[in-house]
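Visitor: what shape does this take:
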Amino acid sequence: MNIKHNKEDVLRKGMELFRLNGYHNTGTKEIIKEAGISRGSFYNFFIDKDDFGIQVLDYYGVWSTDYMKELLNDTNLNPKQRLIHLFDLFIEGYKRDHYKWGCLLVGMTQELGQINPSFTNACERNFESFVAVFQACIEEGQAAGVISKKQDARGLTLTMLSMYNGALVLMKSGMHHEPLEAFQTQLALILTP
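Guide: Sure thing, here's the model as predicted:
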């Protein structure tokens, strides 16, 4: 029987495994087994595990950016409400899954960001796409007067994402919600004009 494998399905499975276990704790054999493909099929799609990891990062970046754009362009809410709502949804997901998942981009940056130049570039490229989406929403909110102008839009975006990513690291280290709740409180404060 000849089964045709979908590269996107393999990338999605890699995204799940890396978010759950990290890059170094996920072997190629495990990826192949969990994706339900042969070793030959894996190497038809990817040069090696590093190539796979970079493609997973880019897949995650596009997937996440599309999701964030959809929510941050919801005109039923003002830009401040959109940002708070988006992070509330993220945090609800972490709670629902008992804090076992993290942000793939944060995890991969911590594991590989300064070790491998190809990963450094992929992490930076995807992080900048996240920044652009958030920054556009913040700029809209600042122009409408519903988001603070104490920092420029990029500075406020970087502050917000730094706080969030730090909360995720603390969440994963203790498998609890307190850092996420602290972030939610601070987010409302830094956004308020």
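
Visitor: and the next helix or strand past the helix or strand bottoming out on mean pLDDT in the chain?
Guide: Every helix and strand in the chain was compared by mean pLDDT, DSSP states H and E; the lowest is helix 104-112, with a mean of 88. For helix 104-112, the succeeding helix or strand toward the C-terminus, using DSSP states H and E, is helix 117-144.

Visitor: what is that next one packed up against?
Guide: Secondary-structure packing of helix 117-144 (3 or more CB pairs under 8 Å, 6 or more residues apart in numbering; DSSP states H and E): helix 49-72, helix 79-96, helix 104-112, helix 153-174. All C-beta spots, glycine's among them, are computed from the backbone N, C-alpha and C.

Visitor: swap the cut-off to 10 Å and go again
Guide: Here helix 117-144 touches helix 49-72, helix 79-96, helix 104-112, helix 153-174, helix 178-191, going by 3 or more CB pairs under 10 Å, 6 or more residues apart in numbering; DSSP states H and E.

Visitor: can you give me the buried ones in stretch 153-164?
Guide: Neighbour counts over stretch 153-164 (16 or more other CB atoms under 10 Å) mark Ala153, Leu156, Thr157, Leu158, Met160, Leu161, Met163, Tyr164 as buried.

Visitor: one more: stretch 38-56?
Guide: In stretch 38-56, counting by 16+ other CB under 10 Å, buried: Ser41, Phe42, Phe45, Phe46, Phe52, Gly53, Ile54, Gln55, Val56.

Visitor: picking up where we left off before, output the least confident helix or strand of the chain as PDB, nothing but the C-alphas.
Guide: This file holds the C-alpha atoms of helix 104-112, laid out as PDB (Å, rounded to 0.1, in the frame of the first residue of the first chain):
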ATOM      1  CA  LEU A 104       7.400  27.200  20.600                       C
ATOM      2  CA  LEU A 105       9.300  30.400  19.700                       C
ATOM      3  CA  VAL A 106      10.300  31.100  23.300                       C
ATOM      4  CA  GLY A 107      11.300  27.500  23.900                       C
ATOM      5  CA  MET A 108      13.400  27.300  20.700                       C
ATOM      6  CA  THR A 109      15.000  30.600  21.300                       C
ATOM      7  CA  GLN A 110      16.100  29.500  24.800                       C
ATOM      8  CA  GLU A 111      17.400  26.200  23.600                       C
ATOM      9  CA  LEU A 112      19.000  27.100  20.300                       C
END
